[in-house]
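[1] build the 3D model from these lines:
(chains A and B)
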Number of protein chains: 2
Amino acid sequence: MSFHDKFISDRSKARSHSHFTLNQTAKTTKPHSNPIFISGGLPNPIGFPIDEITVNLTTSPNPRPRFVPAATLFSKPGLVEFPDITENSTRLSQNLKILKFAESLETATNGNGGQLTLERSLQYGEQDGHPQLKKFVTALTKRLHPPKLDEKDWNVIITNGGGDGIHKAVDLLINPGDHVLVEEYCFSPSFDNIKSVGGILVPIKLDYDEGLDVTGLKRILENWDEAKQGPKPRVLYSVPSGQNPYGVSQSLERRKAIYAVLKEHGIVIIEDDPYGALAYESYNKKFTNGNSSKSLNTPEKAHDESVDSEARESDISKADIDHYTSLIAPSYLTIDDVGLVVRIDTFSKVFSPGLRLGWIVSHVNFIEKLSLYTSLSTRAASGVSQLLINNIAHSWGLEGWLRWCLLLRNQYLERRNHLLAQLDKLDQSKITYITPVCGMFVSALVHFDKIASSSFNGVTLPYQSRLVELGIEEGVLIVSGSNMAASEELRQTAKFIRLTFAYEDPDLLDEAIKRLGKAVDRLFEEGEIKQK
Amino acid sequence: MSFHDKFISDRSKARSHSHFTLNQTAKTTKPHSNPIFISGGLPNPIGFPIDEITVNLTTSPNPRPRFVPAATLFSKPGLVEFPDITENSTRLSQNLKILKFAESLETATNGNGGQLTLERSLQYGEQDGHPQLKKFVTALTKRLHPPKLDEKDWNVIITNGGGDGIHKAVDLLINPGDHVLVEEYCFSPSFDNIKSVGGILVPIKLDYDEGLDVTGLKRILENWDEAKQGPKPRVLYSVPSGQNPYGVSQSLERRKAIYAVLKEHGIVIIEDDPYGALAYESYNKKFTNGNSSKSLNTPEKAHDESVDSEARESDISKADIDHYTSLIAPSYLTIDDVGLVVRIDTFSKVFSPGLRLGWIVSHVNFIEKLSLYTSLSTRAASGVSQLLINNIAHSWGLEGWLRWCLLLRNQYLERRNHLLAQLDKLDQSKITYITPVCGMFVSALVHFDKIASSSFNGVTLPYQSRLVELGIEEGVLIVSGSNMAASEELRQTAKFIRLTFAYEDPDLLDEAIKRLGKAVDRLFEEGEIKQK
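    Next up, the predicted model:
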């Protein structure tokens, strides 16, 4: 029995699968050197009607048409090479050709072995993902979160997106009746997933600085009474970077302290990290006047008003990328020396959620079981989703990928600062916020402390829920914190609403926060009337 | 409790999911007419780096370069319209442009509302699939398998491919300990799936004409002893068209007889139909001489040697399509009047398995639960996979889609006839076959009747397994029938090997069958030695 067996659910352990096209043969069998394949169930590629795909890429996340000569973007030698830039476009763009068969592709790409063909990606693929794509996410993981485990002890598996990753990790680790440690407020579909396999949520306190509270975690584990409460939890589910909803990240020190507790009590962490690459500097009010959407791009140059945004983008240096990656909080993988981490990653936030593509990094003993479940359920992720990410990633290279992530998070950083500046203008006695350093969200704290739950218009509901209703009337859609609670008590006592700065343009964010201010004022008026 | 509740597994019943961004509001709430969205977690589309995709399609499943003027393909007015044909290509091809935003796309496609944009397909999508694609598969279902249920009582859900469909159907219907009726030899990953949720296989006899045996099914159900055996099965898993491995299809009469038994005993059928569109005429030896790959295309014209293949393809008429669709065996949906069918369909065999895209048609009460599980697991199928199929399907139209399927199955029909003609040349006292009328496979019957299981080279194994080994030595890879058995007894007594005609080119199929003949001869030599 391996170290990991005690963590693997009975459901996962009971599965078996051996494909009927595979055969065990006697050792004396002498295979023919040139066999003909009339065994498997592969359709003939003549039936794939797609001969070629041309993908027109933008290499900068900027929706406005721009007129910069492409060459200037790549003026720094030795940094990032982008082949085949179309210079006569009004945008910085690149054409990526994807051919059906490899013979022609090799010619077209000068033998770049990392590219996938249509023939390959439209055919049945490996359940763990195409090897080329696994190679890329392995390299990305080593660059940002180098695992402490021996190279031979960890592996990756491609998933059908972060949600599929959560589902498969929960399936892997949780038996009916198991208690599972979670953050008191979090992405509630994960709670539903845990409950759907019979798991029981045990909420852990969050603080406003770094999220998961070590003392709270310790207290629950040390006071656990197995006779009364059943077996001690053996799984923690956490969003340690850009916690959803709070937007805070656990520091390396916090992670080390939490990991020590996990190791002591024999607990596996499902590290759900969809937002990690959207990492920001602290919010500094002097960097923005709150009225202009012309704000910083690379933060250290934000004060230099003479640098226009095009020049800034063409000016991304290795040092800029290193500064950016230093902001990305390191995974528990970088601390874990026994294999207690199941890390769930995704392409959704830095490339596209519609691809339904992500990956899990974990100990090989866990990956093996995740792979078996994949072979019996989803079989593999979409081949064209894999092809798009893979061929773009191999064309951009690792540093080119990070450059894209940096430029994208610059756009989000600008929006974050803009939204916070607008919130700063509201009545601070009524509403403040937790400063987010990662992700897409701001949790605004509504200081309606005296009555956490109350009656509005004759209906009893938490005041955040009433604020959501008032927002609907004023024309600003927000999330009630109570909806993200891990227990009914936490639902009643939630003190925040969640806002996103990702989707709307800055001028609409301005208007949204003005409307929110009106809704907050109405909430307090209603509350005062009630309190009389 | 609905009629369907008794079929739904406890696992499925126990799930719940309500997304935290949705809010129940008081009836008195007056929504703002122009709300701003700062609630949900949608990434900004500026972060999707793909501006445009151009897909070069072939409209005929023929790998050889051809030089027919494109116009001749569409000479018949009123049949199928293919816009934007590139005439100066050496192949019959079509360019399909896919733009990021709808404004431009509407211009490009003259307001064709069925097309998906990149913005839409790269963003989070509906868990049941994009409405446009659901519309297409609904139309296709109505055209080929018009459900007998009222329109309001059935629905479709897009899946991540046939395997995902099987997994979700099995999850929906089977509790641990349930007995599940299956075909005695079948696609064994489905067996593994049933077993993985605790189901127990109950094999039903297959015949060589139409597959699932009604008498065998009745006998098992009528002799079921609940006291001894536990509750009677309430699920049948069947591949009724192009049964895998036998390649036979249940006639409408057979289906009606089976359905009557299911209805009497209260049993739901999981109808797994990946091959249905690859439907063929009976094999008629006079249609082929077995040496030439120049064989029939549209079968009724096969005797007319003066018609070359290009002319035949340009000559596809409405009547040809109607003849073809008349060969496609009708789904149990066309018989079922109470909602006992979960039909699993897929794009894998007529378009591409790498897309991981399929759909399920069933009663709305079942679809609702499949949708809930989807929201907690895969979330949705790949948006680019959906976009590719959807935009091509809407560009080709329903009859254009069927034309593509007809041309593709013509290619497979030619290969089937070719393979059977080669098998006809082998020693009929040693090896014959079940004539397939659908799908990709031929089951060859090895007449090694006296010893079903034996010892070869000192190892005891079923003789099909030994034949597989001899095939590996002779250079022809085949599937041992024993690998597809629903029980250990059936494994020992399997009388067939499975061959595919789909993948290899005709000249390699010739060589493969010659090699198979040698392996069969060696098997009989070894057997004779043993029998002395």
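[2] going forward, measure contacts between C-alpha atoms and count neighbours the same way
    Noted.
[3] which residues of the stretch 351-500 of chain A fall in strands?
    In the stretch 351-500 of chain A, the segments counted as strands under DSSP state E, counting those that start in this stretch are A:358-363, A:431-434, A:441-446, A:453-456, A:459-462, A:476-477, A:479-480, A:496-500.
[4] with respect to those, which exhibits the lowest mean confidence?
    Mean pLDDT is lowest for strand A:453-456 out of those, coming in at a mean of 63.
[5] now mean neighbour count too, for the strands of the stretch 351-500 of chain A, in CSV please.
    Listed next are those as CSV, based on neighbours: other C-alpha atoms under 10 Å in any protein chain shown:
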stretch, mean neighbour count
strand A:358-363, 25
strand A:431-434, 19
strand A:441-446, 24
strand A:453-456, 17
strand A:459-462, 15
strand A:476-477, 27
strand A:479-480, 28
strand A:496-500, 25
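[6] looking at chain A, which helix is longest?
    Ranked by residue count, the top helix of chain A under DSSP state H comes out as helix A:383-424.
[7] other SSEs contacting that helix?
    Packing contacts for helix A:383-424, counted by 3 or more C-alpha pairs under 8 Å, 6 or more residues apart in numbering or on different chains; DSSP states H and E, involve helix A:118-122, helix A:131-144, helix A:318-327, strand A:431-434, helix A:506-531, helix B:383-424.
[8] could you give the angle of whichever helix or strand comes after the third one to strand A:358-363?
    The element immediately downstream of helix A:318-327 (helix or strand, assigned by DSSP states H and E) is strand A:341-346. The directions of strand A:341-346 and strand A:358-363 differ by 170 degrees, with axes from the mean of the first three to the mean of the last three C-alpha atoms, to 10 degrees as the criterion.
[9] burial count for residue A:214?
    Taking other C-alpha atoms under 10 Å in any protein chain shown as the criterion, the count of residues near residue A:214 is 19.
[10] got it, and the one 5 residues further on?
    Residue A:219 sits with 11 neighbouring residues when counted by other C-alpha under 10 Å.
[11] now the element after the strand or helix carrying it, going C-ward?
    Assessed by DSSP H and E, residue A:219 sits inside helix A:214-222. Using DSSP H and E, the helix or strand that follows helix A:214-222 towards the C-terminus is helix A:226-229.
[12] still on that earlier bit, so how far is the helix holding residue A:219 off the chain centroid?
    27 Å (C-alpha atoms, centre = their mean, to the nearest Å).
[13] and it, what's buried?
    Going by neighbour count (16 or more other C-alpha atoms under 10 Å in any protein chain shown), the buried part of helix A:214-222 is A:214, A:217-218, A:220.
[14] show me where the stretch 151-300 of chain A has strands.
    For the stretch 151-300 of chain A, the strands defined by DSSP E, counting those that start in this stretch occupy A:154-159, A:179-183, A:200-204, A:206-207, A:211-212, A:235-238, A:268-272.
[15] nearest to chain B, of those strands?
    strand A:154-159 (9.2 Å; C-alpha to the nearest C-alpha).
[16] report the angle between the longest helix of chain A and strand A:441-446.
    Using the same axes, to 10 degrees: helix A:383-424 against strand A:441-446 is 30 degrees.
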